[in-house]
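structure for the following, please:
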Amino acid sequence: MSDTSSASPAAPVVLDVWCELQCPDCRTALEDLRALRARYGDRLELRLRHFPLEKHQHAFAAAQAAEEALTQGQGWPYVEAVLGRVEELTRAGEPFLVEAARELGLDAEEFDTALIDGRHILIVDADQAEGKAIGVTGTPTYVIGGERLDGGKSQEGLRERIEEIADRLLAAQD
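Prediction:
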């Protein structure tokens with residue numbers, strides 16, 4: 001990392017979002033994530049972290065597909081597209097994941113190949129292991145400024161709490 005002068009913009013605050021793409025609660029959280037992006041722009045880095053739950057049959061494949069979308073430069077748009085149609089994912093499985101990629105103009109053939117060859121499995125496994133190690137038990141769960149906020153039980157007040165922490169961390173950079 002190169003030396004940064006005082007004229008350089010401060011590094012963004014990182015919000016890790018432990019998410020599962022077959023999770024209705026994660027779909028509900030999208031509104032909060034959009035609001036946070038609108039409020040903070042590039043001062044807040046939303047980092048997708050995978051935590052597929054065993055109770056959802058297609059969650060592990062969906063996490064791999066999200067990584068392929070990230071590789072193709074459309075990570076969050078893909079996540080939003082899939083979460084917006086959780087029931088369709090539940091019903092159709094992997095063919096839906098490929099179709100969602102095609103609808104976004106992504107390389108659907110490459111998605112299909114990625115799901116077959118498992119090129120993103122290690123990333124998903126590592127995220128899940130890290131999540132378990134820090135106490136993630138459900139989704140969505142957020143980590144910002146070293147604080148874990150569990151949205152799996154209730155998302156009430158979470159966006160406000162994230163904003164409090166982000167504001168404090170950003171003020172400390174000034």
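
can I take it that residue 122 is in a strand?
No - assessed with DSSP: H, G, I helix; E, B strand; the rest coil, residue 122 is helix; it does not lie in a strand.

residues in contact with it?
Counting by Cβ atoms under 8 Å, 6 or more residues apart in numbering, residue 122 makes contact with nothing. Glycine gets a C-beta too; all of them are placed from N, C-alpha and C.

where's it relative to residue 166, distance?
When distances are taken as Cβ to Cβ, to the nearest Å, residue 122 and residue 166 turn out to be 30 Å apart.

and for residue 132?
Taking Cβ to Cβ as the measure, residue 132 falls 25 Å from residue 166.

now the residue most central in space within the chain, what's its secondary structure?
Most central in the chain under Cα atoms, centre = their mean is residue 48, positioned 2.6 Å from the mean C-alpha point. Reducing the assignment to helix, strand or coil with three-state DSSP, the entry for residue 48 is strand.

verify the stated contact: it with residue 65.
No - Residue 48 sits out of contact with residue 65 when judged by Cβ atoms under 8 Å, with a separation of 11.9 Å.

okay, and for the protein, where does confidence drop off?
In the predicted model, the chain carries pLDDT under 70 at residues 1-9.

quick one, strands of it?
For the chain, strands defined by DSSP state E occupy the ranges 13-19, 44-50, 141-144, 147-150.

just put the ones you listed in JSON lines and tack on distance to residue 162.
As requested, the strands of the chain are exported to JSON lines (distance: least, Cβ to Cβ, whole Å):
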{"stretch": "strand 13-19", "distance to residue 162": "6"}
{"stretch": "strand 44-50", "distance to residue 162": "9"}
{"stretch": "strand 141-144", "distance to residue 162": "6"}
{"stretch": "strand 147-150", "distance to residue 162": "7"}
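
looking at the ones you listed, which is nearest to residue 170?
In this view, the strands of the chain are compared for proximity to residue 170 by Cβ to Cβ, and strand 13-19 is the closest at 6.0 Å.

list the strands paired with that closest one, with their directions.
Strand partners for strand 13-19, identified by DSSP bridges, are recorded as strand 44-50 (parallel), strand 141-144 (antiparallel).

buried stuff in that strand?
Of the residues in strand 13-19, those buried by neighbour count under the rule 16 or more other Cβ atoms under 10 Å are 13, 15-19.

cool, stretch 82-98 as well?
Along stretch 82-98, the positions that meet the burial threshold by neighbour count (16+ other Cβ under 10 Å) are 82-83, 85-86, 89, 94, 96-98.

and those residues as JSON lines, adding distance to residue 140?
Putting the buried residues of stretch 82-98 into JSON lines (distance: Cβ to Cβ, whole Å) gives the following:
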{"residue": "82", "distance to residue 140": "14"}
{"residue": "83", "distance to residue 140": "10"}
{"residue": "85", "distance to residue 140": "17"}
{"residue": "86", "distance to residue 140": "13"}
{"residue": "89", "distance to residue 140": "16"}
{"residue": "94", "distance to residue 140": "23"}
{"residue": "96", "distance to residue 140": "21"}
{"residue": "97", "distance to residue 140": "20"}
{"residue": "98", "distance to residue 140": "25"}
